[in-house]
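Asker: Generate a structure from the sequence data that follows.
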Amino acid sequence: MAEPSASSASNPSYEDLAEAWNTICQLLGADGPDEAIARIQTLTDQMEALDNREDLPDELITLSEFEQVLTRLHQKIADLRARNNTLEARLDALTQGSEDDTSAHALLDALDAPTYQDALDHIQTLQGKAEARDASQEAIQSTGHDDIASLIDAAKALQRENDRLRSQVQSTAPDTEVLQSASAIRMVLGISNIEEAEEFVERLDALSTSVRRALDHLGMDVPSALSVERADNVASYLDVLASQIERLAEAPLPDDEVFEAADTLNAIEATLGISSAEDAREMEAMVRSLTEDLEALAHEREVLREEGLTAEKAVSMIHSMEDQLDDLYVNQDVNASDNGTLPPGLKNTLGVESIKEAQRVVERTKEMDTQIATLYEEQEQLNELGIDSIDEAIRMIRDMNEQLVELYEDVEARSAAQALPSANQDTFQQLESLYARQEKLQSELGISDPEAIIQMVEDMNAQLETLYEDRDASLASNPDAVVEPDAFNNPDLSNAERLEKLIESMARQLDVLYGEKEALSKEGFDSADEAADRIAHLRDEIRALRAQKASDAEDPTDADVDPDLVREWRALKNDLGVTSPDDVRALIESARMPNTEPAEAETSHAEENGAETADPAEIADITSSSDSDTDAASTRIQPGPQWNAGPALADADLRASLPTMDAEDRDALDLAVIQLDTEGHVLTLNDAAYALPMFDRLRSKEDAKHAAFFFDLAPSTATDAFYGRFHAGLDQEQLDARFPHLFTASGHPPFVALVHLFYDDTTETAWVLLRTA
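Answerer: Numbers count the residues shown, from 1 in each chain. Sure thing, here's the model as predicted:
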């Protein structure tokens, strides 16, 4: 194949241009040059926005919305594309050779047509006239004449013969007025005898009376006689008048209303020119046609208004597009460079000089499309986990890591406590454990008083509620945080402005997506899938640690000696009269000394001569007495399966009837009812329980069944105060505890509810009754 010459390289043929455009459109997946330029311009703007790294966007749109706008624009120029195809075919024919080009221009000059479309219209018009002439010639030949001149002569001869016959008929007709009147009466009025004539006269008299009354009211004269010309219409007038009189007789009206109706008819006749029913029907048809035309125009105007156009703008836009297409396909002057054959408009848009550079731009745009699709898929995966943004996922991972650290520290503390001998600890060892725990509280929290700790926790809950309220208020009051897609459908914006706005918003979306991608990379995640897997793994690990913590609380041999050291300290203060750890230490030292002398003497003697060994029997008595007092105080204060710290939410009859009660009856109760098996899994729950915040993430009540209540549905109940009582009551098969409890749920503020926890031995299940405070 011969290489193209320099002249052909500087002046490429139409086939080269078409091949270049087809290559670009195929690479971009576009239907035409306009769509290819729009897509390349959009992706170029996105690349520049990514390189500049401007601020985050105020408004975001999706690629689907951008595609919808482009689709609407393509639909508007669908008709123009059809014309483009026609012009391309003609251009192909015109570019085949110089002889064809010369012939085409000669044909245009001969037809006096500036463009090929005008020439085609002129040829079609001539062809239609020729077909009409041939049809006329065939019609003339069917009458037996050779040409139209002979047909005209025959028509004139027939007209002369017709005039002659008419003159003969008029000369032979009787010229008497009586005969004409009789004939008219017989033919028009249908009167053939005297009786019919008398009846007709009576009807005329009655009608004449009515007409005189109406004419007198209208101020008009009564005609003196009925001419022969008007006799032709007398029958129809009589029928109309008779029908009107019959209708008036059926629904009689006063004379005033009849006269008012006549005035109205006269006004209509004077204003609109309507004097008969036929005129009224014609007026109705004309009004209906005008109404339909107005409705069609209104619909077309509504379509233009939805597109932000007026009729003048739409016409001017169509003319402008036609002119641009004519310039592009008829008068296109391409100044190609040495490196390729791209049009100047595409060069300026892409900033390239050859097809190879354009292909590289296309490859980069494809890579960007793939990256955008990947980022949106990762965002959808995070949304499925209930995470709205990458920042929220990072915060969640950090919170879970902190929870893991706290749980591991708690497990280590329990392990350290379990390493101590706990089976046969005496009171002194318990007091030492109490001091160690109190010192830890003092060092970690700065306070050791249980009431102060409770107050601190309540203050922290109040602060959390305030924080959530402030966050919700800030989100609601920030208009920039809400994306308004309707802003792109503003009719005041032109198509170019709307497209520019869409492209800017799309670039902002890319900034946000890449910012989230960078945030994930900084945290050590390569993708949103890895972050989601990490979140799921952390959730499982936290759940396992909570279960281990709960199992530690269930086994008394592996747990601490005293499950609630705070209440034990209160018991010691009440029973022993101590107010500080120093008083307890002094009491222990005094218990170890012999009691044969007064305490003051023993103290002075111990200081002077040194402490002597105490009697083991006496120490054992004191220890046993102290142990018994401590156990009594602990039994009196320590909460257990039969702990009553609140009102009974259900009496004995209601509690006994719950196992046999229908689901509808349980739903009718005004308190939450949850039935649990011995493993803590939900068996049944009523509507009031399903309405609680901890069940908000479930789709139905069926999803709650067989789920772990303490660890999956309500993790805030996995404590010694709640789950510990539940497990202890199942072991003893006696459970009736009433107490208040603080519940927490994701996405909701904490709330306090009264709890009634009891065991039913007939069904061997536990029941949880809740009523919010």
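
Asker: hey, let's count contacts and neighbours off CA atoms from now on
Answerer: Noted.

Asker: so Ala672 touches Ala688, yeah?
Answerer: Yes: the criterion here is Cα atoms under 8 Å, and Ala672 meets it with Ala688 at 4.7 Å.

Asker: ok, those two, which is more surrounded?
Answerer: Shown here are Ala672 and Ala688; by other Cα atoms under 10 Å, Ala672 has more neighbours (21 against 18).

Asker: Name the nearest residue to that one, ignoring sequence neighbours.
Answerer: Spatial nearest neighbour of Ala672, chain neighbours left out: Ala689 (4.2 Å); criterion: Cα to Cα, 6 or more residues apart in numbering.

Asker: what about that neighbour, neighbour count?
Answerer: 22.

Asker: What distance do you get for it to Leu17?
Answerer: 72 Å (Cα to Cα, to the nearest Å).

Asker: Show me what counts as buried in stretch 671-689.
Answerer: Under the neighbour-count criterion of 16 or more other Cα atoms under 10 Å, stretch 671-689 has 671-677, 680-689 buried.

Asker: What about these, which are in strands?
Answerer: Ala672, Val673, Ile674, Gln675, Leu676, Val682, Leu683, Thr684, Leu685 (DSSP state E).

Asker: Leaving out the residues flanking it, which one is nearest to the last one?
Answerer: Spelled out, that is Leu685. Ile674 (4.5 Å).

Asker: cool, the fifth one as well?
Answerer: For Leu676, ignoring the flanking residues on the chain, the nearest one in space by Cα to Cα, 6+ apart is Val682 at 4.7 Å.

Asker: Please report the distance of that neighbour from Ile674.
Answerer: With Cα to Cα as the criterion, Val682 and Ile674 are 7 Å apart.

Asker: Check Ala718 too.
Answerer: From Ala718 to Ile674 the distance is 16 Å (Cα to Cα).

Asker: can you give me phi and psi for Trp767?
Answerer: Phi and psi for Trp767, reported as degrees, to the nearest 10, are phi -120, psi 140.

Asker: Would you agree it is in contact with Gly680?
Answerer: No: using Cα under 8 Å, Trp767 is not in contact with Gly680; the gap is 10.2 Å.

Asker: show me the residues around Asp670 that make contact.
Answerer: Ala688 (Cα atoms under 8 Å, 6 or more residues apart in numbering).

Asker: now it: how far from His748?
Answerer: Remark: distance between Asp670 and His748 (Cα to Cα) = 22 Å.

Asker: Repeat that for Leu207.
Answerer: On the measure of Cα to Cα, Leu207 and His748 end up 91 Å apart.

Asker: just Ser433 next, same as before
Answerer: 38 Å.

Asker: neighbour-wise, which of those two wins?
Answerer: Ser433 (18 against 12).

Asker: what helix or strand is that one on?
Answerer: Ser433 is part of helix 427-445 when elements are defined by DSSP states H and E.

Asker: repeat for Leu769
Answerer: strand 765-772.

Asker: Mind exporting the C-alpha coordinates of that strand to PDB?
Answerer: Provided in PDB are the C-alpha atoms of strand 765-772 (Å, rounded to 0.1, in the frame of the first residue of the first chain):
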ATOM      1  CA  THR A 765     -38.100 -19.700  80.900                       C
ATOM      2  CA  ALA A 766     -37.300 -16.300  82.300                       C
ATOM      3  CA  TRP A 767     -39.400 -13.200  81.700                       C
ATOM      4  CA  VAL A 768     -38.200  -9.600  81.400                       C
ATOM      5  CA  LEU A 769     -40.700  -6.900  82.000                       C
ATOM      6  CA  LEU A 770     -39.700  -3.300  81.200                       C
ATOM      7  CA  ARG A 771     -41.300   0.100  81.600                       C
ATOM      8  CA  THR A 772     -39.500   3.200  80.600                       C
END
